[in-house]
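**Q** coordinates for the following, if possible.
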Amino acid sequence: MSADVVGAVVLGGEFHALGVVRSLGRHGVPVFVIDDECSISRFSRYVTGAERVADLRDDTRIVETLLDMASRERLAGWVLYPARDEIVAALSRHREVLQGAYRVPTPGWQSVQWVWDKRNTYRLASELGIPTPRTWYPQQVEDLQAIDLDPPLAIKPAIKEHFIYATKAKAWRADDREQLRTRFLEAAALVPAGEIMIQEVIPGGGSQQYAYCAFFKDGRAVGSMTVRRRRQHPPDFGRASTFVETVDVPEIEELSLRFLRAIGYYGLVEVEYKLDPRDGRFKLLDVNARIWGYHTLGARAGVDFSYLQFLDQVGRPVPVCQCRPDVRWIRLVTDLPTSLVEIRSGRLAWRDFI
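**A** Residues are numbered from 1 along each chain as shown. Presented below is the predicted three-dimensional model:
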């Protein structure tokens, strides 16, 4: 590439990263994909170059790879787009070093620490008056006795990457006290001490999950989208959305802006909630400081998130925009099997699916 060309480097190459590649590529932005797996994004016609590396999970290896690529592939000054949480953490912790070679939209650790560790997320949410599910942080198995709520309960990690790569699950469900004890001990053997959370299971399925998505800058959303996640995979504790629609829910926007302003956030973000039918309140579940699976819904509904961030990073004007409601996104490869399970269980009518 010519040294005066500014493009984008996408770190991680799964289907949501493919959305970034297509968004930027359609605007004529060159894109280079780096991944430690043989993933789909590198095969897009919009990819200028791609390289598979040994490791994108370790901070040191990520930084070394990027600094090497900046000179070897002439990517200096390009904009970084992390597609996985551990890459977000690495870019945030080493932001000052990387800014000597790249444009780094990922905010510094003073912001990212509040979304990387859910213990921080829920503590700050409580201080800000943002509802969350009831959550306990047992240090040892004896601490489970202090949980004054009957199952079902969820066993979740405070730092999800330490758990997901070991279990391929976002959380475990315990339907009785014995199962809670067993699952806690299993989780304790996989993640560092103190990182296990026990959380109430809010009634209802994926259809009660909502999210606020934004390109956030200077205390306001330059581009925004509010969605309802109608279905997810797996159905109970979904790792990914499978069917999503844009909606108009001002309450979610207000809660999200309160949180993002408090941490001085910049960049692309997805804030997840679940509507609790017991009290009618939206309860904060998670905050993702990276591109999310269904972000391409934004472009169809009026907000091209990936391109908005690129425009801002290269110093070009960024239009203020908001997604229109009633636009839908589906990922059939996961939505079809999820829907078949829901139909078989009687929770979804086949006519509704069609």
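**Q** quick one: the helices in the stretch 151-300 of the chain?
**A** In the stretch 151-300 of the chain, the helices defined using DSSP state H, counting those that start in this stretch lie at 160-167, 177-188, 250-262, 296-301.
**Q** out of those, which comes closest to Asp148?
**A** With C-beta to C-beta as the criterion, Asp148 lies closest to helix 177-188 of the helices of the stretch 151-300 of the chain, at 12.3 Å. For glycine as for every other residue, the C-beta is placed from the backbone atoms N, C-alpha and C.
**Q** which secondary structure elements does that closest one contact?
**A** Judged by 3 or more C-beta pairs under 8 Å, 6 or more residues apart in numbering; DSSP states H and E, helix 177-188 is in contact with strand 153-157, strand 172-174, strand 196-200.
**Q** and among those strands, the most buried is which?
**A** Among the helices and strands packed on helix 177-188, strand 153-157 has the highest mean neighbour count (mean count of other C-beta atoms under 10 Å), at a mean of 24.
**Q** for that strand, what is the average pLDDT?
**A** Looking at strand 153-157 alone, the average pLDDT works out to 94.
**Q** convert the C-alpha atoms of that strand to PDB, please.
**A** Output of strand 153-157 as PDB, limited to C-alpha atoms (Å, rounded to 0.1, in the frame of the first residue of the first chain):
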ATOM      1  CA  LEU A 153     -29.400 -19.100  39.500                       C
ATOM      2  CA  ALA A 154     -26.800 -18.400  36.900                       C
ATOM      3  CA  ILE A 155     -23.000 -19.000  37.400                       C
ATOM      4  CA  LYS A 156     -21.200 -16.400  35.400                       C
ATOM      5  CA  PRO A 157     -17.700 -15.000  35.000                       C
END
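**Q** how far off strand 196-200 does that strand point, in degrees?
**A** 150 degrees (axes from the mean of the first three to the mean of the last three C-alpha atoms, to 10 degrees).
**Q** in its sheet, what does strand 153-157 sit against?
**A** strand 172-174 (antiparallel), strand 196-200 (antiparallel) (DSSP bridges).
**Q** dump the longest one to PDB, keeping only the CA atoms.
**A** Taking C-alpha atoms only, strand 196-200 is exported to PDB below (Å, rounded to 0.1, in the frame of the first residue of the first chain):
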ATOM      1  CA  ILE A 196     -17.200 -16.200  39.700                       C
ATOM      2  CA  MET A 197     -20.500 -14.400  40.000                       C
ATOM      3  CA  ILE A 198     -23.800 -15.900  41.100                       C
ATOM      4  CA  GLN A 199     -26.800 -14.100  39.600                       C
ATOM      5  CA  GLU A 200     -30.500 -14.300  39.600                       C
END
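**Q** what does that strand contact?
**A** 118-119, 133-138, 144, 147, 149, 153-158, 171, 180, 184, 187-188 (C-beta atoms under 8 Å, 6 or more residues apart in numbering).
**Q** list only buried entries from those residues.
**A** 118, 133, 135-136, 138, 144, 147, 153-158, 171, 180, 184, 187-188 (16 or more other C-beta atoms under 10 Å).
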